[in-house]
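# For reference, the sequence and a predicted model appear below.
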Amino acid sequence: MSTSSSEGQRPALSWSRLAWQSARAVWGLVRCAPHVRLRHLRAVREATRRAREADPRCSPLRRVNDGLHEIDPRWLGAVQTEPLRCVDPMIVLHFVGTGETRHGPLPCIARLVRACPALRTQRHFVVDGPADPLAYEDLATLSPRVWTALEPLIDASSGPFVLVGLSRGGALALEVAARIADEKRKAVSCIALSPPLARPRRLPRIVEMIAGFGTLASAYTDAVSRGVVPSWLTGLATRVVRTLQLAITAYVLADLQAADEETIAWSLRDLREDDGMDSALRQVGEFGLLQRTSEVELVRFTRFVTRSLVHNELAWAVALWGEEDTWLSASACRGQIEQALKRLRNAHGAIATSMVPGRHNLSRGANDDFDALSPHFERAVHEARARAEHEARRQRSRARLERRMREGLTTAEPASEERHV
């Protein structure tokens, strides 16, 4: 990961500062320890053991751009009775959630495709977060980075598009959907799962603990880039970070009741490929973003997204929250959209909200029941296609009208010249 471009933004390294940040991070671990549930630790240990023994198949992801990967349709077809055939121009973009790796959501995406027949003939992509932790300073910094990775694919495709995002990825999916409809004039629908649109009264302890490593991670990265840290210490830190990263990821999934060995095995694959350091820095940045984002920023973001979506007839969106969500206040998040809708009039598009059974990690659990989610996905596909067809009919009508006007002007010119003579 490149750090040279951000050297001017980081303070000069001092060993006293590094020691102080280390002590703060350790204290965060100590404060979080009493809140760690024993059953979660047992789930972490068992799932991690099985994940290490598991041997995932070859990666089904093909890198398209930085942070954008296409899923091999043959891999998704392996869970079906017949292989998938990408005969539909529709494109489905899956935005990863906070702390997720690019391979982690693959098992749940396969289950989703199996449960929703309307999603079986499209091209599916995974939208990963930027590797640079500086991209997670605020929402205004993160959104342009994600859009830059997606824009070439959006320009090359006629659509329509279906965007699916979880947690932080759900908020990004809403904004990307608004930009596709406004800037590219293409049909799009969005399903935002548990988007954090309002700050909870208190963040979960695990979120505060992970975010507390932010300054320490920045100082360590700065030290490595300056060559201050010896090579033997770098290797030791990499091994420690990889182990800690896997444990934290497994614990978060266990807390959300989604710690099945297949998901952790795919996450472990990412840690092995990226040596764990980049994934850890990104996870620290993502959880730090949850901690730093103010209520005012979230209100402005929600109003912007809502206004853009409902005033554009090419867009449709739905935001879903779990009824048993313990990571955020689902009622407060839903109220943000409802308050924003009250401020708007003459809306041509639509954005809906709903509460469904489940927790924060909607659709990510191995035993999740998709009966409550499938109708929303089916409707998203239908809405995207209906809007694309309506826009195509309008474009054809406009083209016919322009052609008739040109023909009328051409035939009218000789007659006008004769009358003039």
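Structure's in. What do you need?
# hang on, Glu295 packs against Ala198?
Yes - assessed by Cβ atoms under 8 Å, Glu295 is found in contact with Ala198 at 7.0 Å. In this view, the C-beta of every residue, glycine as well, is placed from N, C-alpha and C.
# What segments of the chain are helices?
Along the chain, the stretches classed as helices by DSSP state H are 15-32, 38-53, 73-77, 106-115, 139-156, 168-183, 205-211, 214-225, 231-255, 261-273, 277-292, 295-310, 330-342, 374-420.
# circling back: between Glu295 and Ala198, who's got more neighbours?
Taking neighbours as other Cβ atoms under 10 Å, Glu295 and Ala198 compare with Ala198 leading, 19 against 11.
# Mind listing what's buried along stretch 158-173?
For stretch 158-173, the neighbour count (16 or more other Cβ atoms under 10 Å) marks 159-173 as buried.
# same question but for stretch 331-343, I mixed them up
Applying a neighbour-count criterion of 16+ other Cβ under 10 Å, one finds 332-334, 336-337, 340-341 buried in stretch 331-343.
# Going by distance to Ser59, which of these wins?
Ranked by distance to Ser59 (Cβ to Cβ), the buried residues of stretch 331-343 are led by Cys333 at 34.0 Å.
# Look up how far Gly170 lies from that closest one.
10 Å (Cβ to Cβ, to the nearest Å).
# Common neighbours of these two, please.
195, 319 (Cβ atoms under 8 Å, 6 or more residues apart in numbering).
# Lowest average confidence across helices and strands of the chain, where is it?
helix 15-32 (a mean of 56; mean pLDDT, DSSP states H and E).
# Now do the same contact list for Leu64.
Just so we're on the same page, residue 64 is Val rather than Leu. Val64 touches 70, 125, 153, counting by Cβ under 8 Å, 6+ apart.
# hang on, the first one packs against Phe125?
Yes - counting by Cβ under 8 Å, a contact exists between Glu70 and Phe125, whose distance comes to 5.2 Å.
# who has more neighbours, the two?
Set Glu70 next to Phe125 and count neighbours by other Cβ under 10 Å: Phe125 wins out with 21 against 18.
# where in the stretch 201-350 of the chain is pLDDT low?
The stretch 201-350 of the chain contains residues with pLDDT under 70 at 204, 206, 208-209, 211-235, 237-251, 253-261, 271-280, 346-349.
# rerun at 80
Low-confidence segments of the stretch 201-350 of the chain, defined by pLDDT under 80: 201-294, 326-327, 344-349.
# What is the neighbour count of Arg300?
Arg300: 13 neighbours (other Cβ under 10 Å).
# Trp266 versus that one, what's the distance?
Computed as Cβ to Cβ, the Arg300 to Trp266 distance reads 36 Å.
# do Thr353 as well
Counting by Cβ to Cβ - Thr353 and Trp266 are separated by 31 Å.
# out of everything not next to it in sequence, what's closest to Gly322?
With sequence-adjacent residues excluded and distances taken as Cβ to Cβ, 6 or more residues apart in numbering, Gly322 is closest to Gly358, at 3.9 Å.
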